[in-house]
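Participant: quick one, what's the 3D model for this:
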Amino acid sequence: METQRFLRLVTFLLAGTAALSPLRAAPETAEEKMARLEKLVQDQQQQINALIQQQAVRRDSSGGDFNQTQREYLAKLVREELAKNKELVSTLPGWLSGLEFFGDLRVRYEGILYESKPNSTTDQGRSRGRFRLRFGFKKVINDEFTAVFRLASGEGQKNEKGYGDVGTSNGISTNQTFTGDFTEKGIYIDQAYIEYTPRCLQSSDGTAKFVAGKQPNPFVGSPTGLIWDSDLNPEGLAQLFTRNADGLELFAALGEFFLEETNKTTANDVTLLAAQLGFKYKLTPKVAWRMALAYYYFCNAGSSTALAEAFNNGNPASGASGSKSLNARQFHIVDLYTDLTFADVDVFSRKMPVTVFGEVVWNSGDHDAGGKDGDNLAFEIGGKLGAAKKKGDWEVLYSFKYVQANAVLSALTDGDFGGSNQFGHTVGFKYALADNVFLGLTGIFTQSLGARTDPHRQLLQADLEVKFK
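Facilitator: Numbering: from 1, shown residues only. Okay, the predicted model is just below:
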């Protein structure tokens, strides 16, 4: 008897929900239709869940249960009610199909301290609030083409230290400082690209993807950015390939990117040709080893005035103001990265992933005009414990970096660390307060290897981050 009453109540509520959908004198807009559909589905799901829970309580107390016929009848009622709303779904605009929204918001306190005051009047330490807002859309056109764009905050400063002039931008930081007497903040195009995955090149054994536009960095490397800052999105073309066989995944990435376009009357275009080849091998079902070798050929980077002046953060440069060039002349970088990941390690009575990583960089094109050839090496070692993904998860990270003056292009490397010509430690902690809500703490402690105005720097960050899709 209780079961029959329960089924009748479900039927009544499902029918009633559809019948009570608002009547409109004028045609509905696409937004109104979408909102009504979402509310209808949410209301029905809440009602069904509540009724099922009530019936579960009754079953527990009576020892009864649904028989197969009753379960099939209940499922039939739900299918019939959803079919009634099929017409509403079909009237939504076609462009909404395959459209995905994504983004994140981070609020940060940041303090920069020095053990000894540098000579420069611009490096006296800072204490500031900042935020980063990123949001965009991914549109699946068909099974071969996908278009993505993302907008982001930013203030056009040269790096995380924020010592560049507002109005110039090299694309590293998407942070915006709380300043300007409550004035509005800017939004920039952070990503805009098209992906092409040819159907004929996709299989269970391998994939191929071609990307054009301002895109995510396609190259594997250190999680803290020995060569590339994590916020940097290169502009140009990329080709990505994978091949799988018996626990071994081979991958390759090629890139042709544009850094600076000029009229060629006073300087040449600055471009990047890059190639990376690597593998990921499962040593056991829960232990994976990855290694990647890359070559980055920067064309005309040494003669770029922008890289030598406005965006420079550690590379030695010479010449008159307004026409300086980098002493290294050329940046032809060889990069070897590797990591080892253990999927399940017992830590405080819970299973957690552990990753140890290392990276070595050599600028083979360094011929320092200042007579200091040899300052062209960099390396990093570190590890990460845990993964903050769902509520209650946490992770800790540590790395040590040693970056000589001409090893990397300081304008493109990790802005938090502060460029080249220094060494230091990074310590980070991240905790998931809830699903998609995170608290983070980071400390970066660096010391100069040469003539820098900030010989001993301490960077402290406290973050509150929310992700949404």
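Participant: remind me what the helix or strand in which residue 288 is found packs against, helices and strands.
Facilitator: Applying DSSP states H and E as the criterion places residue 288 in strand 287-299. Helices and strands touching strand 287-299, by 3 or more Cβ pairs under 8 Å, 6 or more residues apart in numbering; DSSP states H and E, are strand 270-284, strand 331-347. C-beta coordinates here come from the backbone N, C-alpha and C atoms, glycine included.
Participant: after the longest one, which helix or strand is next?
Facilitator: What it means is strand 331-347. Under the assignment DSSP H and E, the closest C-terminal helix or strand after strand 331-347 is strand 350-363.
Participant: for the helix or strand that that next one is followed by, list the C-alpha coordinates in PDB.
Facilitator: Per DSSP H and E, the first helix or strand lying C-terminal to strand 350-363 is strand 377-386. C-alpha atoms of strand 377-386 as PDB (Å, rounded to 0.1, in the frame of the first residue of the first chain):
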ATOM      1  CA  LEU A 377      73.000  26.900 -17.200                       C
ATOM      2  CA  ALA A 378      69.900  26.500 -15.000                       C
ATOM      3  CA  PHE A 379      68.400  23.600 -13.100                       C
ATOM      4  CA  GLU A 380      65.500  22.800 -10.800                       C
ATOM      5  CA  ILE A 381      64.700  19.900  -8.500                       C
ATOM      6  CA  GLY A 382      61.600  19.500  -6.400                       C
ATOM      7  CA  GLY A 383      58.600  17.400  -5.300                       C
ATOM      8  CA  LYS A 384      54.900  17.600  -4.700                       C
ATOM      9  CA  LEU A 385      52.800  15.600  -2.200                       C
ATOM     10  CA  GLY A 386      49.100  15.300  -2.600                       C
END
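Participant: by contact count, what packs against the helix or strand that comes right after the strand holding residue 288?
Facilitator: Using DSSP H and E, the helix or strand that follows strand 287-299 in sequence is helix 305-308. Packing contacts for helix 305-308, counted by 3+ Cβ pairs under 8 Å, 6+ apart, involve strand 325-326.
Participant: what sits up against the strand holding residue 288?
Facilitator: For strand 287-299, contacts defined as Cβ atoms under 8 Å, 6 or more residues apart in numbering pick out 219-221, 227, 251, 259, 268-283, 330-343, 365, 409.
Participant: which residues touch the nearest residue to residue 317 once chain neighbours are set aside?
Facilitator: Among residues not flanking residue 317 along the chain, residue 308 sits closest, at 4.0 Å (Cβ to Cβ, 6 or more residues apart in numbering). By Cβ under 8 Å, 6+ apart, residue 308 lies in contact with 315, 317, 319, 324, 325, 326.
Participant: and what of residue 400?
Facilitator: 380, 381, 382, 423, 424, 425, 426.
Participant: so which strand or helix has it?
Facilitator: Element membership of residue 400, judged by DSSP H and E, is strand 394-403.
Participant: tilt between that strand and strand 350-363?
Facilitator: On the basis of axes from the mean of the first three to the mean of the last three Cα atoms, to 10 degrees, strand 394-403 is oriented at 20 degrees to strand 350-363.
Participant: in the sheet, which strands lie alongside strand 394-403, parallel or antiparallel?
Facilitator: Strand 394-403 has the following strand partners under DSSP bridges: strand 377-386 (antiparallel), strand 422-434 (antiparallel).
Participant: most packed of these?
Facilitator: Mean neighbours per residue, mean count of other Cβ atoms under 10 Å, is largest over the strands paired with strand 394-403 for strand 377-386, with a mean of 20.
Participant: how distant is that strand from the center of its chain?
Facilitator: Computed by Cα atoms, centre = their mean, to the nearest Å, the chain-centroid distance of strand 377-386 equals 19 Å.
Participant: and that strand with strand 331-347, angle?
Facilitator: 20 degrees.
Participant: can you pull out the residues in contact with strand 377-386?
Facilitator: Residues outside strand 377-386 that contact it (Cβ under 8 Å, 6+ apart) are 222-224, 226, 345, 347, 352-363, 393-404, 407-408, 420, 426.
Participant: which among those residues end up buried?
Facilitator: Buried by 16 or more other Cβ atoms under 10 Å: 222-224, 226, 352-355, 357-363, 393, 395, 397, 399, 401, 403-404, 407-408, 420, 426, out of the contacts of strand 377-386.
Participant: just the helices from this structure, written as ranges.
Facilitator: 2-19, 30-62, 68-84, 86-90, 305-308 (DSSP state H).
Participant: average pLDDT for the second one?
Facilitator: With pLDDT averaged residue by residue, helix 30-62 scores 65.
Participant: just the shortest one next, same as before
Facilitator: Averaged across helix 305-308, the pLDDT comes to 88.
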